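J.: need a structure here:
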Amino acid sequence: MTPEHHSVAAGQKAADDSYYEHPREEIAALVPPGARCIVDVGCGAGALGKHLKESRPGVQVRGVEIVPEEAERAGRVLDDVAGTDAQNGMPAHWPEPDCVVFADVLEHLTDPWAVLRQWRRHLAPGGSLVVSLPNIAHRSVVAGLVRGRWEYGPYGILDRMHLRFFTRWSAVEMIESSGYKVRRLLRVFDVMPTTPARDKFRDYLDHVARSEPIVHDRRGPSIILADLCTTQFLIVAGG
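T.: The predicted structure follows:
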């Protein structure tokens, strides 16, 4: 697969229980079309898997969910659900998945590097990893640091349940040091409030993202600007 890097539009985590029911279509779009056996780690109520099963007949989706109430709900729409922590891996009787999804999960783990390595052993040969991670270099966090503030909240980039924080570089480094090769990296932009120049600014950010190599140490003005406007990174890696 040719490496790809660009941006997409997507909603952020909701501030209520509907988060567990969000189908995450931007994540579903990254699951390779040939994937037939998918594990959604941190599946919530199973909305992503339900969407995949409805839109791709014949696909099997299993979930891992530590919250008992959500695991029970997911069990009604997925092929199977393990009510356990991501670090415990998957049940031995499950078939090897050809795609594993970590959608806004790794930042909640004490040792996401170890978890990624463990799931790398479960992944079928030629399988894919799909990850979404919040960007700690977003302008809202940077502005707070300039004012000497680091304020946790109930959701978003500084969700008080987050244990780990990632920039674009550290997100790629974590995944590749855990045994995967990043193939696609997309940015989710939030652009300033509507102005006459908003569309041109968005086009500029899209151009920066498309021309940006996946692995690099560049920190020029255009990359800094893109980082300040990026809420999430969506990443597809190969095993």
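
J.: ok now do the residue nearest to Glu65 when sequence neighbours are not counted, which residues does it touch?
T.: Among residues not flanking Glu65 along the chain, Ala71 sits closest, at 4.0 Å (C-beta to C-beta, 6 or more residues apart in numbering). C-beta: built from backbone N, CA, C; applies to glycine. Ala71 makes contact with Cys43, Gly63, Glu65, Val81, Ala82, Gly83, according to C-beta atoms under 8 Å, 6 or more residues apart in numbering.

J.: helix or strand for the fourth one, which one?
T.: Element membership for Val81 (DSSP states H and E) is strand 80-82.

J.: The next helix or strand after that strand pairs with which strands, and in what direction?
T.: Next along the chain after strand 80-82, taking DSSP H and E as the criterion, comes strand 99-103. When pairing is defined by DSSP bridges, strand 99-103 lines up against strand 37-41 (parallel), strand 128-134 (parallel).

J.: Check what contacts the shortest one and list those residues.
T.: Outside strand 37-41, the residues that touch it by C-beta under 8 Å, 6+ apart are 31, 46, 48-49, 52, 59-64, 78, 86, 90, 94-103, 105, 119, 122, 124.

J.: 7 Å instead, please
T.: 31, 48-49, 52, 59-64, 86, 90, 95, 97-102, 105 (C-beta atoms under 7 Å, 6 or more residues apart in numbering).

J.: Of those, select the buried ones using a ChimeraX command.
T.: Entered in ChimeraX, the line below selects the buried ones among these, by 16 or more other C-beta atoms under 10 Å:
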select :31,48,49,52,59,60,61,62,63,64,86,90,97,98,99,100,101,102,105
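
J.: thinking again about what came up before, and the strand holding Val81, what does it pack onto?
T.: Applying 3 or more C-beta pairs under 7 Å, 6 or more residues apart in numbering; DSSP states H and E, one finds that strand 80-82 contacts strand 60-64.

J.: The strand it packs on vs strand 37-41, what angle?
T.: On the basis of axes from the mean of the first three to the mean of the last three C-alpha atoms, to 10 degrees, strand 60-64 is oriented at 20 degrees to strand 37-41.

J.: Pull up the per-residue confidence for the residue nearest to Glu65.
T.: For Ala71, the model assigns a pLDDT of 97.

J.: hang on, it is in a helix, isn't it?
T.: Yes: Ala71: assigned to a helix according to DSSP: H, G, I helix; E, B strand; the rest coil.

J.: Check the spacing between it and Val81 real quick.
T.: 5 Å (C-beta to C-beta, to the nearest Å).

J.: any common contacting residues for these two?
T.: Contacts common to Ala71 and Val81, judged by C-beta under 7 Å, 6+ apart, are Glu65.

J.: Flag the shaky bits of the protein, pLDDT-wise.
T.: 1-21, 192-195 (pLDDT under 70).

J.: hmm, what's the outermost residue in the protein?
T.: Most distant from the centre of the chain: Pro196, at 31.4 Å, with distances by C-alpha atoms, centre = their mean.

J.: What distance do you get for that one to Arg139?
T.: Counting by C-beta to C-beta, the gap from Pro196 to Arg139 is 21 Å.

J.: so which helix or strand takes in Ile224?
T.: Using DSSP H and E, Ile224 falls in helix 221-228.

J.: Would you mind listing the buried residues in that helix?
T.: Applying 16+ other C-beta under 10 Å to helix 221-228 flags Ser222, Ile223, Ala226, Asp227, Leu228 as buried.

J.: Can I get those residues in CSV including distance to Asp111?
T.: Output for the buried residues of helix 221-228, formatted as CSV (distance: C-beta to C-beta, whole Å):
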residue, distance to Asp111
Ser222, 34
Ile223, 29
Ala226, 29
Asp227, 25
Leu228, 29
